[in-house]
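Novice: quick check, what structure comes out for this input:
(chains A and B)
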Amino acid sequence: DAGVIQSPRHEVTEMGQEVTLRCKPISGHDYLFWYRQTMMRGLELLIYFNNNVPIDDSGMPEDRFSAKMPNASFSTLKIQPSEPRDSAVYFCASSRFEQPQHFGDGTRLSIL
Amino acid sequence: SQKIEQNSEALNIQEGKTATLTCNYTNYSPAYLQWYRQDPGRGPVFLLLIRENEKEKRKERLKVTFDTTLKQSLFHITASQPADSATYLCALVGGGANNLFFGTGTRLTVIP
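Specialist: Okay, here's the model as predicted:
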């Protein structure tokens, strides 16, 4: 059974560039979550979707961040333009209603 | 806003002993609480869920307690092994049905 798949695993880019992170949730899960993890702030929820619809994006730090879920099997998190302070590990997770979340192995993002 | 504190950033324990990790929260009354394990370079993995009407939950060598009066959960690993070395995160369900707020984690090291 395939878990949550994220790509790329690592991304290094220069400040000002557009960054797109991708996630494929577990089939049958109707909730999808994007998190950011840093040493200082731990694991923070950025946005979550239910049945492809964004429910709560209050954790998205700025307008530079956007997320989409065009269908049940794919989601993107985009940062444009990127800044050094966006450097972190970004996780995607999926779940069924009131069930534990299943996480991908994350994208380690470095903005130079 | 919700505040979740895990007792210490790091905990070292001798192999065979019981490790006890603490999760305290304020400004919230969650319906349930979850514990996750995270290994370096990997996403968190779900371990146990305990609901507000449950005092204790067990799974093999793991035990979780939930005291809604103290606003505290304890996570125990009995007969600890070096393979139990990891970061352990507690998480509380947020205002929505499924979104989680995570503590900053406790890094457990089991010394052979």
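Novice: shouldn't A:Glu14 be in contact with A:Ile111?
Specialist: Yes. Contact criterion CB atoms under 8 Å: A:Glu14 and A:Ile111 qualify, at 7.4 Å. Every residue, glycine included, has its C-beta placed from N, CA and C.
Novice: more crowded one of these two?
Specialist: Neighbour tally, A:Glu14 and A:Ile111, criterion other CB atoms under 10 Å in any protein chain shown: the higher count belongs to A:Ile111, 20 against 10.
Novice: and the pLDDT at the more buried one?
Specialist: A:Ile111 carries a pLDDT score of 97 in this model.
Novice: from memory it sits against A:Tyr90, does it?
Specialist: No. Using CB under 8 Å, A:Ile111 is not in contact with A:Tyr90; the gap is 11.9 Å.
Novice: tell me the mean pLDDT over the helix or strand where A:Gln6 lies?
Specialist: Following DSSP states H and E, the helix or strand that holds A:Gln6 is strand A:5-7. On average, the pLDDT along strand A:5-7 is 97.
Novice: go on, stretch B:85-93?
Specialist: Mean predicted confidence for stretch B:85-93 is 94.
Novice: let's verify the residue nearest to B:Val93 when sequence neighbours are not counted: helix, strand, or coil?
Specialist: Distances taken as CB to CB, 6 or more residues apart in numbering or on different chains place B:Pro30 nearest to B:Val93, at 5.2 Å, with adjacent residues excluded. Under DSSP: H, G, I helix; E, B strand; the rest coil, B:Pro30 falls in the coil class.
Novice: for B:Pro30, what are its contacts?
Specialist: B:Pro30 makes contacts with B:Glu52, B:Leu92, B:Val93, as judged by CB atoms under 8 Å, 6 or more residues apart in numbering or on different chains.
Novice: tell me, how many neighbours does B:Val45 end up with?
Specialist: Using other CB under 10 Å, B:Val45 has 16 neighbouring residues.
Novice: neighbours of the residue in chain A that chain B sits nearest to, just the number please.
Specialist: Here the residue of chain A nearest chain B is A:Phe103; by CB to the nearest CB that distance is 3.1 Å. By other CB under 10 Å, 24 other residues sit near A:Phe103.
Novice: check B:Asn12 too.
Specialist: 11.
Novice: repeat that for A:Gly42.
Specialist: Residues near A:Gly42, counting by other CB under 10 Å: 17.
Novice: so where's chain A shaky on pLDDT?
Specialist: The model of chain A has pLDDT under 70 over residues A:1.
Novice: and it, which residues reach chain B?
Specialist: A:4, A:31, A:33, A:42-45, A:48, A:50, A:55-56, A:91, A:93, A:95, A:97-98, A:100-106 (CB under 8 Å from any CB of the partner chain).
Novice: which among the residues you listed end up buried?
Specialist: A:4, A:31, A:33, A:42-43, A:45, A:48, A:50, A:55-56, A:91, A:93, A:95, A:100-106 (16 or more other CB atoms under 10 Å in any protein chain shown).
Novice: taking those residues one by one, which sit in strands?
Specialist: Of these, the ones assigned to strands by DSSP state E are A:31, A:33, A:42-43, A:45, A:48, A:50, A:55-56, A:91, A:93, A:95, A:102-103.
Novice: ok, which pair from those residues is furthest apart?
Specialist: Taking CB to CB, the two most distant members of those are A:Gly42 and A:Asn50; they sit 23.9 Å apart.
Novice: next one, pLDDT for B:Ser29 please.
Specialist: pLDDT recorded at B:Ser29 is 77.
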